[in-house]
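Participant: Quick one, structure for this:
(4 chains)
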2 protein chains.
Amino acid sequence: MSLPHAILTALLERPSSGLELTRRFDRSIGYFWSATHQQIYRELGRLEADGAIRALAAEQPARGQKKRYEVLPAGRAELARWTAASQDPKPHRDVLLLRLRAAAVVGTAGVEADLRRHLDLHRRQLAEYEEIERRDFPPGRDSAQDRIQHLVLRAGIDLETFWTKWLTHALEELAALP
Amino acid sequence: MSLPHAILTALLERPSSGLELTRRFDRSIGYFWSATHQQIYRELGRLEADGAIRALAAEQPARGQKKRYEVLPAGRAELARWTAASQDPKPHRDVLLLRLRAAAVVGTAGVEADLRRHLDLHRRQLAEYEEIERRDFPPGRDSAQDRIQHLVLRAGIDLETFWTKWLTHALEELAALP
DNA sequence: GTCCACATGTAACTGGTTACATGATTGG
DNA sequence: CCAATCATGTAACCAGTTACATGTGGAC
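Facilitator: All right, here's what the predicted structure looks like:
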């Protein structure tokens, strides 16, 4: 149950309409919690019904009309509760590792091309994160909020760095296979 | 659609019953593709209906009786096809990073305890992986299958190493917050 | 003969995905 | 006015989760 909390966080950062949220999920928040517009509209409806958010006044609820939402005190309280609550880490899933394990049994024919493609994708993502770091976190700024967001970005950068290194190594190993 | 392929891989490595598969998913394969016994039984039923696997003869299909499955040629072909096919990486989800981002907005009260708990869990997992590496991959063995499986294990070790480092750093940063 | 662990399942629910529908606004 | 784009939604489906049900075999 994390999507509603992702939306509450985004709306606290800035009140937005459904489509604006969708775009922001494609950029920053979506880097570690993605969502489609269908999910977002469904969840906005639930959050509004629960009294966690409300549509800003003077925005009529017609189809095709923008509707901006803001977080109500109940929503902020729920987000604070969720943030502080202890949560077990979800077991981690990775299709690529699963495919390699399958390749160990049925043969590696065909996997290398896709490993190369993934390597390229991770390199691009890494470059994007580093660009964000240069742009949004120049040395010297250190409000609490900046530091925490930088910390999260560093996790992204280090993870992408790991994957590029690992994929490079994996391609070398596959090439050298008996 | 990865669970059926995870099961096919496991069954090719060794024909097994549903509960044996469940146990193996709790250990090795489950490290990057977990599954509950309910999922596994459902999927075994589908794979059998599709002609990808079959129950070994002389094992009666009664409730409470062991039923061992083996992979049929059609199942092996499907696994090889899936392994070689190009697949886009799934957008990556991480609740802990989401919670930190929320904490940047609603305050960090309460998160530190859970970060410490996660750090401990990742340290244990890392130790477990390193133990497996010592036990199953001593220097010098290098069949193709060994090398690929070792590669997958190295990904696990490096990921856990990353998380322990990052969590340690995050705890220091939180402690030093204004 | 009863209890417990083993083993296989069923059913209901939840969250995420895919495909499609509908109205409003703007540029040509 | 027509097409493209913006914006909000509906519906059906599928995979994963949670709770529960049922039968077998061995230990005591």
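Participant: what helix or strand is residue A:69 on?
Facilitator: strand A:68-71 (DSSP states H and E).
Participant: hmm, who's touching that strand?
Facilitator: A:8, A:11-12, A:15-17, A:20, A:44, A:47-48, A:52-56, A:59, A:79 (Cβ atoms under 8 Å, 6 or more residues apart in numbering or on different chains). The way it works is simple: take the backbone N, C-alpha and C, and place the C-beta from them, glycine included.
Participant: near DNA strand C at all, the helix or strand following it?
Facilitator: Next helix or strand after strand A:68-71 toward the C-terminus (DSSP H and E): helix A:73-84. No. Helix A:73-84 stays clear of DNA strand C (Cβ under 7 Å from any atom of the strand), getting no nearer than 12.2 Å.
Participant: Beyond helix A:73-84, next helix or strand please.
Facilitator: Assigned by DSSP H and E, the successor of helix A:73-84 is helix A:95-106.
Participant: outside of that following helix, which residues touch it?
Facilitator: By Cβ under 8 Å, 6+ apart, helix A:95-106 touches A:111, A:114-115, A:118, A:170, B:2, B:5-6, B:8-9, B:12-13, B:29, B:32-33, B:76, B:79-80, B:82-83, B:87, B:89-90, B:144-145, B:148-149, B:151-152, B:155-156.
Participant: So among these, which ones count as buried?
Facilitator: A:111, A:114-115, A:118, A:170, B:2, B:5-6, B:8-9, B:12-13, B:29, B:32-33, B:76, B:79-80, B:82-83, B:148-149, B:151-152, B:155-156 (16 or more other Cβ atoms under 10 Å in any protein chain shown).
Participant: Next one: residue A:90 relative to residue A:111, how far apart?
Facilitator: 26 Å (Cβ to Cβ, to the nearest Å).
Participant: counting contacts, what elements does the helix or strand that contains residue A:160 pack onto?
Facilitator: Assessed by DSSP H and E, residue A:160 sits inside helix A:144-175. Under the contact criterion of 3 or more Cβ pairs under 8 Å, 6 or more residues apart in numbering or on different chains; DSSP states H and E, helix A:144-175 touches helix A:111-136, helix B:95-106, helix B:144-175.
Participant: avg pLDDT for it?
Facilitator: Mean pLDDT, computed over helix A:144-175, is 96.
Participant: just for chain A, where's the confidence low?
Facilitator: Filtered on pLDDT under 70, chain A yields the residue ranges A:57-64.
Participant: Can you tell me the centre-most residue of it?
Facilitator: The centroid of chain A falls nearest to residue A:32 when counting by Cα atoms, centre = their mean (2.2 Å).
Participant: and residue A:99, how many neighbours?
Facilitator: 26 (other Cβ atoms under 10 Å in any protein chain shown).
Participant: how about residue A:139, phi and psi?
Facilitator: Main-chain dihedrals, residue A:139, degrees, to the nearest 10: phi -60, psi 140.
Participant: neighbours around it, how many?
Facilitator: Neighbours of residue A:139 (other Cβ under 10 Å): 5.
Participant: how close does it get to residue A:146?
Facilitator: Distance from residue A:139 to residue A:146, by Cβ to Cβ: 11 Å.
Participant: Give me the distance from stretch A:73-92 to the chain's centre.
Facilitator: Centroid separation between stretch A:73-92 and its chain, computed with Cα atoms, centre = their mean, to the nearest Å, is 16 Å.
Participant: follow-up on the earlier one: okay, buried residues for the strand holding residue A:69 please.
Facilitator: Buried, per 16+ other Cβ under 10 Å, within strand A:68-71: A:68-69, A:71.
Participant: Chain A against DNA strand D: which residues are in contact?
Facilitator: Residues of chain A lying close to DNA strand D by Cβ under 7 Å from any atom of the strand are A:17-20, A:37-38, A:41-42, A:44-45, A:61, A:63-67, A:90-91.
Participant: What's the PyMOL syntax to select whichever of the residues you listed are buried?
Facilitator: The PyMOL command for the buried members of these (criterion: 16+ other Cβ under 10 Å) is given here:
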select buried, chain A and resi 17+18+20+44+67
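Participant: So which of the residues of chain A next to DNA strand D are in helices?
Facilitator: A:18-20, A:37-38, A:41-42, A:44-45 (DSSP state H).
Participant: Which ones among those also lie next to chain B?
Facilitator: Checked against chain B using Cβ under 8 Å from any Cβ of the partner chain, those yield no neighbours at all.
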